[in-house]
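Student: A structural model of the following input is requested.
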Amino acid sequence: MNPQNILLIGDSLIAEGNWPTLLPTMTTSARGIPGETAQELLDRLTHLAPEIMTSDATVIMIGTNNLLMEDYTFPQIISRIIHSIKKLRPDIKLVTCSLFPFQSPWLAPDAIQRLNETTESICRAEQVFFHNLLPSFTASQVKLFQEDGIHLNETGYRVWGKSLSKTIAKYLDEDYC
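Tutor: So this is what the prediction gives:
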């Protein structure tokens, strides 16, 4: 199956990406809202339903704002997002992205890894593809984040786009993640 329509939902990390350039072989629809939390994304899923119904795959990137507000319960809300989307469309191909390895002085060194492991476990149980961004971002020798250390710069988006493009193409060709 060749990917056609990709819906990307989440926060500013989705909103700020130039997805037609980052995923040039796919038709993309980015529905990111800066500052959005996992609960807010869950609350607006009904508004996204028409696009979910027509997408070949939906990519979820959420949780960064929760983490910045020291709300560590967002993986459970991601589970509810997955359930809601699958209830709407049981045959949906979902890709849930991990948190990026951003730096913060108040964040425990292993916090992102632990939260990603929890989210990955949820995805595995729900048969949803978990796109682990840590290898691509920790292996890079160049600066991938803006000065705030949270948002991606152009190079960071290119790294994410390349990685995500491969993941989506592979996932859409498989029966199960």
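Student: break down this structure into its strands, ranges please.
Tutor: 5-10, 27-32, 57-61, 94-97, 129-131 (DSSP state E).
Student: quick one: closest of those strands to Glu40.
Tutor: Glu40 lies closest to strand 5-10 among the strands of the chain, at 10.2 Å (Cβ to Cβ). (Glycine included, C-beta is placed from N, CA and C.)
Student: buried residues in that closest one, which are they?
Tutor: Across strand 5-10, burial judged by 16 or more other Cβ atoms under 10 Å covers Ile6, Leu7, Leu8, Ile9, Gly10.
Student: ok, now stretch 150-158?
Tutor: For stretch 150-158, using 16+ other Cβ under 10 Å, the buried residues are Ile150, His151, Leu152, Gly156, Tyr157.
Student: tabulate those (JSON lines), appending pLDDT and distance to Ser29.
Tutor: Shown next, in JSON lines, are the buried residues of stretch 150-158 (pLDDT from 0 to 100; distance: Cβ to Cβ, whole Å):
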{"residue": "Ile150", "pLDDT": "90", "distance to Ser29": "24"}
{"residue": "His151", "pLDDT": "94", "distance to Ser29": "21"}
{"residue": "Leu152", "pLDDT": "96", "distance to Ser29": "19"}
{"residue": "Gly156", "pLDDT": "96", "distance to Ser29": "21"}
{"residue": "Tyr157", "pLDDT": "97", "distance to Ser29": "17"}
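Student: okay, and which of those map to helices?
Tutor: Taking DSSP state H, the ones among those that sit in helices are Gly156, Tyr157.
Student: Val59: which of the buried residues of stretch 150-158 is nearest?
Tutor: The closest of the buried residues of stretch 150-158, once distances to Val59 are taken by Cβ to Cβ, is Tyr157, at 13.6 Å.
Student: from Gln76, how far out is the closest one?
Tutor: 28 Å (Cβ to Cβ, to the nearest Å).
Student: with Ile6 instead?
Tutor: Taken as Cβ to Cβ, the span from Ile6 to Gln76 is 26 Å.
Student: do the same with Gln103
Tutor: 25 Å.
Student: how about Lys166?
Tutor: For Lys166, the distance to Gln76 - Cβ to Cβ - is 29 Å.
Student: residues contacting Leu164?
Tutor: Leu22, Leu23, Val59, Val95, Cys97, His131 (Cβ atoms under 8 Å, 6 or more residues apart in numbering).
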